[in-house]
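Based on what follows, work out the 3D shape:
(chains A and B)
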2 protein chains.
Amino acid sequence: MSREIERKYLVVGEAWRSPGTAIRLRQGYLSTVKERTVRVRVAGDAGYLTVKGITRGATRTEFEYEIPVADADLMLDELCERPLIEKTRHLVVHGDLTWEIDEFGGVNTGLVIAEVELEDEAQPIDLPAWVGEEVTADPRYFNANLIAHPYSRW
Amino acid sequence: MSREIERKYLVVGEAWRSPGTAIRLRQGYLSTVKERTVRVRVAGDAGYLTVKGITRGATRTEFEYEIPVADADLMLDELCERPLIEKTRHLVVHGDLTWEIDEFGGVNTGLVIAEVELEDEAQPIDLPAWVGEEVTADPRYFNANLIAHPYSRW
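Next comes the predicted model:
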């Protein structure tokens, strides 16, 4: 178990783009109930099953287990809620922090979100210039909610 | 991933009781949606996270992962739907098959169910005398349904 402390922002412009690391993520949900979400993810050739509790402030209980990628693919193809979430994750280092910038595809195309993991909620953040509005607490941006209410239909 | 083929029966009388193996199970659900149930179980000092698909006939897709028992306990205590399921599982060998007899506790006290895992759905079964009505297809007896509709309230 870990406590995930994370802030989330909209991304402005294209200045964040660099030849850095990018990985394709395909993920779906076995539960989108906010008190107990269960996510299946394929990241490259690795599979993960992740259980998260409710978000309080910027903090959330998280349990993540690596599972065979064949299992994850089967769960995504046969069991998870529709539609699946597809996104490309870019890792961008700025100062002491590594930002994860998610460029969504499929029914969420056009949405670009930057996330940063923190040690504690009060930690000061040196915000890059391409960071826009903070949306940490806005449930529309929870990945579990981008299934029933995808960005293309906002 | 495995295919679970299982038949389930009510248990009649007490003749099945023997000094055989018994284990206490405590389990709860992160999803009770029948297309994608997600179960957390503590069995003795082992923890498990189990994903199951919908039951077709006596067959169900199942993915089970062992997880740290401390994680399972935390998920049961903090995340799972209420109430939890508590039962004692007795293993009883009869002929070539090992039966799992679940004696439920808590809000399901009084319910005793025998389950047997099969190689294929057509496999003939030598039914012990203490086996009563088959309830394989009766959704009331799905463990995930014994939460919202416990046996004590039938």
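
Report whether the biggest helix by length in chain A contacts chain B.
Determined from DSSP state H, the single longest helix within chain A is helix A:69-74. Yes. Using CB under 8 Å from any CB of the partner chain, helix A:69-74 reaches chain B at A:70-71, A:74. Every residue, glycine included, has its C-beta placed from N, CA and C.

Packing partners of the helix or strand just after that helix?
Toward the C-terminal end, the helix or strand that comes next after helix A:69-74 (DSSP states H and E) is strand A:85-94. Under the contact definition 3 or more CB pairs under 8 Å, 6 or more residues apart in numbering or on different chains; DSSP states H and E, strand A:85-94 sits against strand A:22-31, strand A:97-104.

Strand A:85-94 vs strand A:22-31, what angle?
130 degrees (axes from the mean of the first three to the mean of the last three CA atoms, to 10 degrees).

Kindly calculate the angle that strand A:85-94 makes with strand A:97-104.
Using the same axes, to 10 degrees: strand A:85-94 against strand A:97-104 is 150 degrees.

Residues in contact with strand A:85-94: which ones?
A:16-18, A:20-28, A:43, A:98-106, A:108, A:114, A:126, A:128, A:143, A:146-147 (CB atoms under 8 Å, 6 or more residues apart in numbering or on different chains).

wait, residue A:120 sits on residue A:5?
Yes. When contacts are counted by CB atoms under 8 Å, residue A:120 is listed as touching residue A:5 (6.4 Å).

Tell me which of these two has more neighbours.
residue A:5 (17 against 9; other CB atoms under 10 Å in any protein chain shown).

Which residue, neighbours along the chain excluded, lies closest to the more buried one?
The spatially closest residue to residue A:5, leaving aside those adjacent along the chain, is residue A:118, at 4.6 Å (CB to CB, 6 or more residues apart in numbering or on different chains).

Tell me, how many residues neighbour the one you found?
By other CB under 10 Å, neighbour count at residue A:118 equals 16.

Contacts only, for it.
A:5-7, A:58, A:125 are the contacts of residue A:118 under CB under 8 Å, 6+ apart.

Same check on residue A:43?
A:23-25, A:89.

Could you tell me which residues of chain A lie near chain B?
Close to chain B, as judged by CB under 8 Å from any CB, chain A has residues A:1, A:30-31, A:33, A:35-36, A:38, A:49, A:51, A:53, A:61, A:63, A:65, A:67, A:70-71, A:74-75, A:78-81.

does the closest residue to residue A:96 other than its chain neighbours count as helix, strand or coil?
Nearest in space to residue A:96, with sequence neighbours left out and distances taken as CB to CB, 6+ apart, is residue A:126 at 7.7 Å. What DSSP: H, G, I helix; E, B strand; the rest coil gives for residue A:126 is coil.

surely residue A:126 meets residue A:95?
Yes. At 4.5 Å, residue A:126 counts as touching residue A:95 under the criterion of CB under 8 Å.

Residue of chain A closest to chain B, please.
residue A:31 (4.0 Å; CB to the nearest CB).

Please look at that residue and residue B:33 and confirm they touch.
Yes. Checked against CB under 8 Å, the pair residue A:31 and residue B:33 is within contact range at 7.4 Å.

returning to what we had before: quick one, phi/psi of the residue nearest to residue A:5?
The phi and psi torsions at residue A:118 (degrees, to the nearest 10) take the values phi -120, psi 160.

and it, how far is that from residue A:2?
As defined by CB to CB, to the nearest Å, residue A:118 lies at a distance of 13 Å from residue A:2.

With neighbour numbers in mind, choose between residue A:31 and residue B:33.
residue A:31 (25 against 16).

Could I get the pLDDT score of that one?
If you check residue A:31, the pLDDT there is 97.

That one pairs with what?
residue A:38 (DSSP bridges).

Contacts only, for it.
Counting by CB under 8 Å, 6+ apart, the residues that residue A:31 touches are A:37-38, B:30-31, B:33, B:36, B:38.

what's across from the residue lying closest to residue A:98 once chain neighbours are set aside in the sheet?
Leaving aside its chain neighbours, residue A:98 sits nearest to residue A:91 (5.7 Å; criterion: CB to CB, 6+ apart). Counting by DSSP bridges, residue A:91 forms beta bridges with residue A:100.

Based on its surroundings, how many neighbours for residue A:91?
Counted with other CB under 10 Å, residue A:91 comes out at 13.

One more: the one 4 residues further on?
As a burial measure, residue A:95 scores 10 neighbours (other CB under 10 Å).

That one reaches residue A:123, doesn't it?
No. Between residue A:95 and residue A:123 there is no contact under CB under 8 Å: 12.0 Å.

For the residue nearest to residue A:65 when sequence neighbours are not counted, grab phi and psi.
Among residues not flanking residue A:65 along the chain, residue A:49 sits closest, at 5.0 Å (CB to CB, 6+ apart). Phi and psi for residue A:49, reported as degrees, to the nearest 10, are phi -120, psi 120.
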